[in-house]
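Student: Sequence and computational prediction follow.
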Amino acid sequence: MPETLISLTAPKLGSAHFKGVHYLGGRFVPPPIFEKYGFEQPVFPAAEQVMLLSAPPHHHAPDAKEL
């Protein structure tokens, strides 16, 4: 089991029970594709390309600016 997981574009179904540090990277899918397939991309802060989705309690995970 890895300590860190990076999902590209969207969190994958298999990551639902992941207990480590989980990042989401990228804004690769254009809005018409989201609409066509009923997909919602999480809101990335400002112009960031990476966001922290989850981390175990009391674990320091770097934010996108530290990556």
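Tutor: Good, I have the coordinates. Numbering: from 1, shown residues only.

Student: Tell me where the model's unsure across the protein.
Tutor: Regions of the chain meeting the criterion pLDDT under 70 cover residues 61-67.

Student: At which residues are the helices of it located?
Tutor: Here the chain has its helices, by DSSP state H, at 31-37.

Student: Tell me the bridge partners for the spatially most central residue of it.
Tutor: Nearest to the mean C-alpha position of the chain, by CA atoms, centre = their mean, lies Leu24 at 1.8 Å. According to DSSP bridges, the residues that bridge with Leu24 are Ser7, Met51.

Student: which residues touch it?
Tutor: Ile6, Ser7, Leu8, Thr9, Ala10, Pro11, Pro42, Val50, Met51, Leu53 (CB atoms under 8 Å, 6 or more residues apart in numbering). The C-beta positions use only the backbone N, C-alpha and C, and glycine is treated the same way.

Student: between those, which is nearest Val29?
Tutor: Nearest to Val29, judged by CB to CB, of these is Thr9 at 5.6 Å.
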